[in-house]
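Enquirer: The sequence isn't on hand, but the structure is:
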């Protein structure tokens, strides 16, 4: 009855769609996106390739959802920080930097590394780029609200924002070179460095 599994796997408690996302995350980050077939993703998730298309349209949909999962939680947190004005902007910017690094480096797979794929420039990933652009703008707004940021000309503020945001996203490369580094200490050190770049 229904869509049979290709092989019996231990019950993960995940929905079939989430199993596909988990399989794609593992394969895209270990084998590479281009080298991973839809059949390989389906088999890793324990289902037949034909069954996979009941849950997703293909590799691009899986990649788009994985990419958005790396920025959507940070954006939600950033919006909360922007709305909360009882804490100095310097502290809120530091919290955002730390939390963003923890999200990028805290999972079982280095999903941030997928940002570097040439395929990600395609129109299919416009949703990811829109969320990422809004997240970057919250960095800019928080930086502008700091004492140091408030004294900057627009062009300098834009440059500092680019540098801070670039540092945060750049942790994917550092993390890839030493994945066993404790994430909390790494995130705090990166947040400290980001504030120094910001002039704080």
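Expert: Thanks, I have the structure now. Keep in mind the model is a prediction, meaning the values are calculated, not measured.

Enquirer: Excluding chain neighbours, give the residue nearest to the residue most central in space within the chain in space.
Expert: By Cα atoms, centre = their mean, the mean C-alpha position of the chain lies nearest to residue 70, the distance being 2.1 Å. Of all residues not flanking residue 70 in the chain, residue 111 sits nearest, at 5.1 Å (Cβ to Cβ, 6 or more residues apart in numbering). Any C-beta I mention is one placed from the backbone N, CA and C, and that applies to glycine too.

Enquirer: May I see the buried residues of the top helix by length along the chain?
Expert: The helix spanning the most residues in the chain, taking DSSP state H as the definition, is helix 154-177. Of all the residues in helix 154-177, those buried under the rule 16 or more other Cβ atoms under 10 Å are 157, 160-161, 164-165, 167-169, 171-172, 175.

Enquirer: go on, stretch 101-116?
Expert: Across stretch 101-116, burial judged by 16+ other Cβ under 10 Å covers 101-105, 109-114.

Enquirer: Against residue 25, how distant is the residue nearest to the centre of the chain?
Expert: Taking Cβ to Cβ, to the nearest Å as the measure, residue 70 and residue 25 are separated by 10 Å.

Enquirer: Likewise for residue 142?
Expert: Counting by Cβ to Cβ, the gap from residue 142 to residue 25 is 29 Å.

Enquirer: who's more crowded, these two?
Expert: Each of residue 142 and residue 25 has its neighbours counted (other Cβ atoms under 10 Å); residue 142 has more, 25 against 22.

Enquirer: and the host helix or strand of residue 23 with helix 154-177, angle?
Expert: According to DSSP states H and E, residue 23 maps onto helix 16-30. Counting by axes from the mean of the first three to the mean of the last three Cα atoms, to 10 degrees, helix 16-30 lies at 90 degrees to helix 154-177.

Enquirer: Please enumerate residues in contact with helix 16-30?
Expert: With contact meaning Cβ atoms under 8 Å, 6 or more residues apart in numbering, helix 16-30 is reached by 12, 14, 36, 40-42, 44-47, 51-52, 54-56, 59, 62-63, 65-66, 107-111, 113-114.

Enquirer: what number of residues lie near the nearest residue to residue 164 once chain neighbours are set aside?
Expert: In this structure, residue 164 finds its nearest non-sequential neighbour in residue 194, 4.8 Å apart by Cβ to Cβ, 6+ apart. Per other Cβ under 10 Å, the neighbour tally for residue 194 reads 26.

Enquirer: And residue 194, how close does it get to residue 45?
Expert: 37 Å.

Enquirer: so where's the chain uncertain?
Expert: 1-12 (pLDDT under 70).

Enquirer: Domain-wise, how is it divided?
Expert: 16-59, 70-197 (automatic domain parsing).
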